[in-house]
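In: Build the 3D model from these lines:
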Amino acid sequence: MPEAIEQIRSTASLVVPEIVLLVTACVLFCAGPFMINDSGESPPGLRHRWGFVSLVGLVVAWMVWFRGGTEEIQGTLFHIDHLVWYTRGLSLSAGVVLALVLWNQIDDNHSAEAYASLLTILAGTNLVAASNDLVSLFLSLEMVSIPTYVLLYLPRRDRSGSEATLKYFLLSVFSSALVLYGMSWLFGAAGTTNFTAIQEVLASHPHAAEGLVEVSFALMLAGLCFRITAVPFHFYAPDVFQGTTAANAAMLSYIPKLVGFMALIRLIPLTEAVESSQLWVPEHSAKLLLAILALATMFVGNLMALRQKHIYRLMAYSSIAHAGYMLIGLVVGDILPVGGRDALLFYLATYGLMTIGVFALLSAVGNKRQDGGRRDPGASRLSTVLPLPCTRLDDLRGLSRSQPAVALLLAVCLFSLTGLPPTAGFLGKLNLFLTAWSDESDIGRGLAIALAINAAISAWYYLRMVALMFLEPADPEADQTRALQMAPMLAGVTCALVTILIFVAPQWLWDSVR
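Out: Numbering: from 1, shown residues only. Purely as a prediction, here's the structure:
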């Protein structure tokens with residue numbers, strides 16, 4: 001018994017920031033229902049109080065992470081290294097911004113559960129990167145998936161919201177089954193679930209159970225492609241984005257990608273039977289498979305985005321295309337002067353800023369229609385009416401005249417998604433291009449050319465949004481009904497300014513990546 005207690009303590013000491021998030025989430029889950037009376041009414045503005053509590057939890061976790069340093073600690077279930085430190089920084093920073101975007105997109109009655117779900121998702125994201133065992137990895141993946149179902153359902157319980165939640169739930173369960181099935185094959189090949197032990201077994205017997213390892217790699221890759229929205233596992237994204245709120249769409253566009261790529265970075269070296277997870281040189285078969293996925297994902301995402309008139313569907317296909325860009329980092333490996341994993345991690349940071357910034361600014365410019373906005377069917381009669389964000393391209397017409405600051409910041413984020421200077425997106429795409437070109441293989445050079453072509457294609461629909469804001473005449477009725485939401489506006493300002501800051505002084509981020 002004392003040994004078990006000591007193991008629990010040693011394991012808990014490795015994941016203190018995640019424990020802070022989970023404790024805050026438990027407080028929100030437990031205290032939230034007691035703030036609603038027997039008639040289903042809650043105090044007005046309750047969602048702002050729960051939002052503040054969640055921000056306090058995120059700030060405390062951020063301080064614990066920042067003071068913890070980058071010391072490498074080996075555990076049975078978790079392995080803390082620089083990758084975990086970097087992932088925590090990305091997820092906690094994104095969590096603060098997402099909490100601000102969520103500020104006015106959930107009714108008072110369900111705000112505690114929504115913020116608690118967000119904190120649980122962030123904790124699961126960090127635990128995925130820290131996992132050192134197949135069991136802890138799968139449980140961490142489910143810690144992300146299950147709260148996502150709740151978070152998708154709570155803000156919008158109308159028909160479209162329920163449809164989006166159901167589609168994501170069914171396909172997420174299917175992807176989890178694929179990942180778990182792949183893990184079982186890997187366990188059959190190695191006879192253990194611990195990552196370190198799996199590496200030792202496969203390194204000492206590189207050709208033993210080779211077929212099992214290949215099947216395991218294919219199954220786990222297929223399951224994780226759902227999370228990063230890679231073709232052909234992308235088809236749920238446009239419908240789910242369209243049926244949910246801006247805050248949830250922002251979360252879906254970034255957090256699952258962070259989770260999926262961290263899981264791939266941990267799992268792929270195991271299936272390649274290398275001695276250290278810090279170095280990965282893909283074999284030809286794995287390299288070819290990932291290259292095909294990257295090409296298909298880039299072209300499908302960008303070409304389908306050209307036809308969209310709904311902003312959220314357009315951003316969903318944009319998210320798919322960016323997953324293809326990031327897959328290039330896995331294709332080329334880590335032995336180059338600019339390693340593929342380094343370029344991928346750098347791009348993950350820049351992509352989070354620009355995509356969350358777009359959704360934050362879209363939700364900041366709410367439209368108060370004649371009925372005053374959108375009242376959620378499940379909200380109590382005391383709940384404040386929620387604003388309607390911009391959802392269609394036509395909503396952007398003449399935005400520079402009614403809200404010039406929002407239009408300018410949104411243009412910065414769109415320029416960054418396009419890959420134009422002076423934004424962080426330019427450096428992110430440049431790193432991926434140079435990484436692929438430095439590979440000096442036909443696959444690497446082909447991916448570099450494809451990346452440049454797709455960046456040009458994406459410029460059409462991103463710059464079309466900028467043209468609508470600055471070159472098209474405004475709708476007089478729309479100008480009179482727009483109202484600025486301060487919390488998501490603060491999130492959008494932060495994202496846009498940091499996007500420019502990284503372009504001006506990128507070394508601090510690159511040092512963190514390296």
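In: avg pLDDT for stretch 103-112?
Out: What stretch 103-112 shows for mean pLDDT is 82.
In: CA atoms only for that stretch - export them in CSV, please.
Out: Extracted in CSV, the C-alpha atoms of stretch 103-112 (Å, rounded to 0.1, in the frame of the first residue of the first chain):
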residue,chain,number,x,y,z
TRP,A,103,-17.6,34.5,-23.0
ASN,A,104,-20.9,35.5,-24.6
GLN,A,105,-21.7,32.3,-26.5
ILE,A,106,-23.1,30.2,-23.7
ASP,A,107,-26.2,30.9,-21.7
ASP,A,108,-26.0,31.4,-17.9
ASN,A,109,-27.5,28.0,-17.0
HIS,A,110,-24.9,25.9,-18.8
SER,A,111,-21.8,28.1,-18.6
ALA,A,112,-20.2,26.3,-15.7
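In: if I look at the closest residue to residue 149 other than its chain neighbours, how far off is residue 224?
Out: Using Cβ to Cβ, 6 or more residues apart in numbering and skipping residues adjacent in sequence, the residue nearest residue 149 is residue 169, 5.1 Å away. Placement of C-beta: from N, CA and C, glycine included. Applying Cβ to Cβ, to the nearest Å, the value for residue 169 to residue 224 is 18 Å.
In: Which one's more surrounded, the two?
Out: residue 224 (25 against 18; other Cβ atoms under 10 Å).
In: packing partners for the helix or strand containing that one?
Out: If you go by DSSP states H and E, residue 224 is part of helix 210-227. In terms of contacts (3 or more Cβ pairs under 8 Å, 6 or more residues apart in numbering; DSSP states H and E), helix 210-227 is packed against helix 159-190, helix 246-271, helix 284-305.
In: Of these, which stretch is the most buried?
Out: Scoring the helices and strands packed on helix 210-227 by mean neighbour count under mean count of other Cβ atoms under 10 Å gives helix 246-271 as the most buried, with a mean of 25.
In: any idea of the mean pLDDT for that one?
Out: 88.
In: picking up where we left off before, surely the residue nearest to residue 149 and residue 150 touch.
Out: No. Look at residue 169 against residue 150 with Cβ atoms under 8 Å: they stay out of range, at 10.2 Å.
In: in the protein, which spans are strands?
Out: Listed in chain order, the strands found in the chain under DSSP state E are 73-74, 79-80, 365-367, 482-484.
In: next one: the second one to chain centre, how far?
Out: Read it as strand 79-80. 21 Å (Cα atoms, centre = their mean, to the nearest Å).
In: mean confidence for that strand?
Out: Averaged across strand 79-80, pLDDT comes to 82.
In: Just checking: what are the partner strands of that strand?
Out: Here strand 79-80 has these sheet partners by DSSP bridges: strand 73-74 (antiparallel).
In: For the residue nearest to residue 149, give its distance to residue 102.
Out: Taken as Cβ to Cβ, the span from residue 169 to residue 102 is 20 Å.
In: do residue 56 as well
Out: 15 Å.
In: Looking at the two, which is more packed in?
Out: Remark: of residue 56 and residue 102, residue 102 carries more neighbours, 29 against 11, as counted by other Cβ under 10 Å.
In: you'd agree the more buried one is up against residue 51?
Out: Yes. Using Cβ under 8 Å, residue 102 is in contact with residue 51, at 7.0 Å.
In: contacting residues around the closest residue to residue 361 other than its chain neighbours?
Out: Counting by Cβ to Cβ, 6+ apart, residue 492 is the residue found nearest to residue 361 once chain neighbours are left out, at 3.8 Å. By Cβ atoms under 8 Å, 6 or more residues apart in numbering, the contact set of residue 492 is 357, 360, 361, 364, 406, 409, 410, 413.
In: Which one (most neighbours) among those residues?
Out: So for the contacts of residue 492 (other Cβ under 10 Å), the most neighbours sit at residue 361, 33 neighbours.
In: hang on, isn't that one packed against residue 406?
Out: Yes. Using Cβ under 8 Å, residue 361 is in contact with residue 406, at 5.5 Å.
In: which neighbours do the two share?
Out: 489, 492.
In: how near is residue 300 to residue 331?
Out: When residue 300 is compared with residue 331 (using Cβ to Cβ), they lie 17 Å apart.
In: again, but for residue 199
Out: 22 Å.
In: So these two - more neighbours on which side?
Out: Between residue 199 and residue 331, counting by other Cβ under 10 Å, residue 331 is the more crowded of the two (26 against 19).
In: Need the per-residue pLDDT for that one.
Out: On pLDDT, residue 331 comes in at 86.
In: could you check the distance from it over to residue 268?
Out: On the measure of Cβ to Cβ, residue 331 and residue 268 end up 11 Å apart.
In: re earlier: and which of the contacts of residue 492 is nearest residue 23?
Out: Nearest to residue 23 among these: residue 360, at 27.0 Å, using Cβ to Cβ.
In: How about the contacts made by the closest one?
Out: Under the criterion of Cβ under 8 Å, 6+ apart, the neighbours of residue 360 are 97, 100, 101, 246, 250, 488, 489, 491, 492, 495.
In: What about the residues you listed, which one has the most neighbours?
Out: Of all these, the highest neighbour tally under other Cβ under 10 Å goes to residue 101, namely 32 neighbours.
In: check contacts around it.
Out: 246, 247, 250, 356, 359, 360, 363, 487, 488, 491.
In: In contact with the fourth one, which residues?
Out: Applying Cβ under 8 Å, 6+ apart, one finds that residue 356 lies in contact with 94, 97, 98, 101, 250, 253, 254, 491, 495.
In: my guess is the last one meets residue 96, correct?
Out: No. With contact defined as Cβ under 8 Å, residue 495 does not count as touching residue 96 (10.9 Å).
In: Now stretch 84-98 - C-alpha only, CSV.
Out: Coordinates of each C-alpha in stretch 84-98 appear next as CSV, following Å, rounded to 0.1, in the frame of the first residue of the first chain:
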residue,chain,number,x,y,z
VAL,A,84,5.5,18.4,-23.1
TRP,A,85,6.7,21.8,-22.0
TYR,A,86,6.0,23.3,-25.4
THR,A,87,2.6,21.6,-25.7
ARG,A,88,1.6,23.0,-22.3
GLY,A,89,2.5,26.5,-23.4
LEU,A,90,0.5,26.2,-26.6
SER,A,91,-2.6,24.6,-25.0
LEU,A,92,-2.8,26.9,-22.0
SER,A,93,-2.3,30.1,-24.1
ALA,A,94,-4.9,28.9,-26.5
GLY,A,95,-7.2,28.1,-23.6
VAL,A,96,-7.1,31.7,-22.3
VAL,A,97,-8.0,33.0,-25.7
LEU,A,98,-10.8,30.4,-26.2
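In: Can you tell me what sits against that stretch?
Out: With contact meaning Cβ under 8 Å, 6+ apart, stretch 84-98 is reached by 17, 55, 58-59, 61-62, 65, 68-70, 118-119, 122, 125-126, 128-130, 247, 250-251, 254-255, 258, 262, 345, 348-349, 352, 356, 360, 491, 494-495, 512-513.
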